[in-house]
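> 3D, please:
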Amino acid sequence: MDDLLCTLAAEQLPKYFNYGTSGFRDHASVLNPVLRRVAVIGTLKTAVSGKAIGIMITASHNPECDNGVKIVDSDGGMVSEEWEAYCEQLINCKTADDMKHVVLKIQEKYQLGSIFQEVNTRGCFVLTGHDTRASCPRLLSCVTSTLDALKVKHLDLGPLTTPQLHYAVAVHNRNTSPSPIADLLTDYSSRFSAAFNAFNSLLDGGGDSQKPSEHIPTCTVDAANGIGGPRLKDLAAQLKFLDVSVVNDGDGILNLECGADYVKTNCKPPRNVSLAMNECYASLDGDADRIIFYSLSTQGQFCLLDGDRLTVLFITLLQKLLSSAGLGDVNMIAVQTAYANGASTHYMTSVLGVPTVFACTGVKHLHKEAVNADIGVYFEANGHGTVIYSPEMSDRIDSLDPIVRDNRILQLFKQSTNWTIGDAMTDLLLAIEALRYLQWSLLDWFDVYTDLPNRLAKVSVADRNQIKVTNADREVVSPKGLQEELNNLMREHAGSRCFVRPSGTEDVVRIYAEAPETSQVESLIKGAESLVMKYCS
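Numbering: from 1, shown residues only. Okay, here's the model as predicted:
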């Protein structure tokens with residue numbers, strides 16, 4: 001153990017690494033020592049639970065030259081903030097003694113004893129996965145060689161989406177998979193396609209037609225030239241009621257002028273996608289945990305359907321199905337972030353009558369709020385989210401008489417959900433199910449409410465962590481004076497909202513602005529950019 005820590009400590013890190021909202025991310029060239037140290041933390045985490053954990057190598061929507069890593073907990077969810085802190089402490093140690101101190105602290109707290117001599121008796125097991133970046137094999141080798149040195153059993157599931165690894169860890173530990181562990185990806189496609197096909201079969205009167213249905217028969221999906229391309233094709237091959245055409249499926253540069261982040265930020269279609277009126281289009285991000293829908297109106301308007309609108313869509317469907325099932329006493333909430341358009345929040349609270357809770361940016365924060373309700377529907381505006389059912393609510397839905405059509409549809413909608421994490425591919429299925437049940441086109445969905453004009457921007461700064469925020473990322477507490485000047489800026493534009501926050505994944509400060517008029521939004525963005533440069537120069 002001491003020899004291993006000395007070897008790890010010999011590789012000095014070029015900077016301090018923050019775990020961030022999505023693990024560690026940086027240019028792939030500097031990540032070798034980070035991945036090796038993450039393997040040590042992963043070993044401790046699997047030892048504490050006595051169950052498998054996951055290590056995912058991806059940088060999602062970041063440029064292809066970047067990469068990253070995060071740990072999937074034994075329940076298939078994200079690791080707790082306590083373990084995020086352990087990750088940061090160990091990764092940023094400068095000496096072997098510093099590393100040993102962190103390891104011993106964890107061993108003592110969880111009474112692990114001589115953990116590195118007992119890994120095989122504690123059920124230690126690590127599932128690894130990665131996206132399609134060229135740096136992934138090298139970084140994977142850093143993880144597996146360290147696990148081998150620690151004598152930890154591990155299995156690489158190969159190229160897969162981040163949500164698929166979350167699912168694989170959860171299913172393996174629940175021991176509910178009908179297939180050997182190496183076939184977990186086959187199980188993923190079979191499980192969710194079966195629920196989707198059964199849902200749509202009921203809508204079509206119980207038939208088993210292979211033909212696309214009248215409402216949303218086809219969908220063109222931009223896979224950001226990432227892992228979503230091949231994995232979505234695997235899933236689509238088993239769908240009977242939807243024709244999925246995958247573009248940007250891996251032949252181009254990852255995330256370059258394509259993907260959910262590009263479409264959301266620029267409010268325009270990705271490369272290689274030519275829009276037709278009232279047709280269904282969607283974009284995934286690089287590791288397929290986000291999804292954004294869009295279409296073209298009869299007037300030629302680009303119609304963006306983001307995470308806010310997914311929340312509205314799913315709540316609308318669930319309200320109808322719950323009412324039909326006689327479950328009117330359900331505590332259902334929407335969870336949003338500061339990036340949520342104010343018009344969506346107003347619609348949910350005033351029209352749908354559903355309480356809205358705000359959380360800090362990052363799905364780990366939204367997930368934490370969503371589990372407090374019977375049903376929590378959470379999405380970041382960027383399209384990352386899912387639906388969470390409490391164990392008691394899940395049991396109530398499962399106990400409904402499946403002979404009643406809407407009862408069974410509610411059960412199948414729940415079964416179509418990846419309960420572990422936001423998942424672009426299962427969210428695609430859920431959205432199509434909801435649209436078909438409601439008999440909405442994408443333009444019907446878009447017309448439910450009108451977004452306030454808004455825009456995202458980002459400013460590169462030397463140290464994004466100079467900015468500290470509170471109140472679910474909506475107020476700056478440091479540097480002193482910045483929030484006061486932002487408030488003055490907003491007072492110049494009645495009904496406007498603007499905030500700044502440090503990115504959790506990139507060395508930038510992000511800016512969001514919304515207002516009744518587009519000209520006001522542009523003025524807010526320009527003013528906020530100047531203030532960020534002023535206070536963070």
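> just for the stretch 51-200 of the chain, where's the confidence low?
Residue ranges of the stretch 51-200 of the chain with pLDDT under 70: 114-122, 176-182.
> And the helices in it, which stretches?
In the stretch 51-200 of the chain, the helices defined using DSSP state H, counting those that start in this stretch lie at 81-91, 96-109, 136-149, 162-174, 184-203.
> Can you tell me which of these is packed in deepest?
Mean neighbour count (mean count of other C-beta atoms under 10 Å) peaks for helix 162-174 among those, with a mean of 25. In this view, the C-beta of every residue, glycine as well, is placed from N, C-alpha and C.
> and the angle for that helix with helix 184-203?
On the basis of axes from the mean of the first three to the mean of the last three C-alpha atoms, to 10 degrees, helix 162-174 is oriented at 100 degrees to helix 184-203.
> Excluding its own residues, what touches helix 162-174? List them.
51-54, 56, 58, 60, 72-77, 127, 129, 131, 157, 160, 177, 181, 184-185, 187-188, 231, 287-289, 418-426 (C-beta atoms under 8 Å, 6 or more residues apart in numbering).
> Drop anything exposed from these.
Taking 16 or more other C-beta atoms under 10 Å as the criterion, what is buried in those is 51-54, 56, 58, 60, 72-77, 127, 129, 131, 157, 160, 177, 184-185, 187-188, 231, 287-289, 418-426.
> okay if I get the helices of the stretch 51-200 of the chain as a markdown table plus distance to Met332?
Shown next, in a markdown table, are those (distance: least, C-beta to C-beta, whole Å):
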| stretch | distance to Met332 |
| --- | --- |
| helix 81-91 | 26 |
| helix 96-109 | 37 |
| helix 136-149 | 39 |
| helix 162-174 | 23 |
| helix 184-203 | 20 |
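> My guess is Val354 contacts Val335. True?
No - if you go by C-beta atoms under 8 Å, Val354 and Val335 don't touch, sitting 10.6 Å apart.
> Who has more neighbours out of the two?
Set Val354 next to Val335 and count neighbours by other C-beta atoms under 10 Å: Val335 wins out with 28 against 22.
> Around the residue nearest to that one when sequence neighbours are not counted, count how many other residues there are.
Spatial nearest neighbour of Val335, chain neighbours left out: Tyr378 (3.7 Å); criterion: C-beta to C-beta, 6 or more residues apart in numbering. For Tyr378, the number of neighbouring residues by other C-beta under 10 Å comes to 30.
> How about Phe17?
A total of 21 residues lie near Phe17 under the criterion other C-beta under 10 Å.
> Name the next helix or strand downstream of the helix or strand that contains Lys264, please.
Assigned by DSSP states H and E, Lys264 belongs to helix 260-266. Once helix 260-266 ends, the next helix or strand along the chain (criterion: DSSP H and E) is strand 281-284.
> Sort out which residues of that following strand are buried, please.
By neighbour count with 16+ other C-beta under 10 Å, strand 281-284 contains the buried residues 281-284.
> For Gly129, which residues are in contact?
By C-beta under 8 Å, 6+ apart, the contact list for Gly129 reads 54-57, 156-160, 162, 164-165, 168.
> For the stretch 201-350 of the chain, which segments count as strands?
218-222, 243-247, 281-284, 291-296, 302-305, 332-336 (DSSP state E, counting those that start in this stretch).
> mind checking the SS state of the closest residue to Asp398 other than its chain neighbours?
Nearest residue to Asp398, sequence neighbours excluded (C-beta to C-beta, 6+ apart): Gln411, at 6.5 Å. Under the three-state scheme (DSSP: H, G, I helix; E, B strand; the rest coil), Gln411 adopts helix.
> count of neighbours near Gln411?
By other C-beta under 10 Å, the residues close to Gln411 number 21.
> gap between it and Tyr188?
19 Å (C-beta to C-beta, to the nearest Å).
> same check, this time on Val330
Distance, Val330 to Tyr188, by C-beta to C-beta: 28 Å.
> Name the residues of the helix holding Lys264 that are buried.
260-264.
> got it, and stretch 319-331?
In stretch 319-331, counting by 16+ other C-beta under 10 Å, buried: 319-322, 325, 327, 330.
> rewinding a little: show me the contacts for the residue nearest to Val335.
311, 334-336, 359, 363, 366-367, 369-370, 385-386, 388.
> and it, which of the three is it?
The three-state label given to Tyr378 by three-state DSSP is strand.
> which two of the buried residues of stretch 319-331 lie the greatest distance from each other?
For the buried residues of stretch 319-331, the farthest-apart pair by C-beta to C-beta is Lys320 and Val330; their separation is 12.4 Å.
> Low-confidence bits of this structure, can you list those?
114-122, 176-182, 206-215.
> rerun that using 50 as the cut-off
Residue ranges of the chain with pLDDT under 50: 177-178, 207-212.
> residue contacts, the closest residue to Asp427 other than its chain neighbours?
Excluding its sequence neighbours, the residue lying closest to Asp427 (C-beta to C-beta, 6+ apart) is Ile291, at 5.0 Å. When contacts are counted by C-beta under 8 Å, 6+ apart, Ile291 touches 260, 282-285, 310, 383, 424-425, 427-428, 431.
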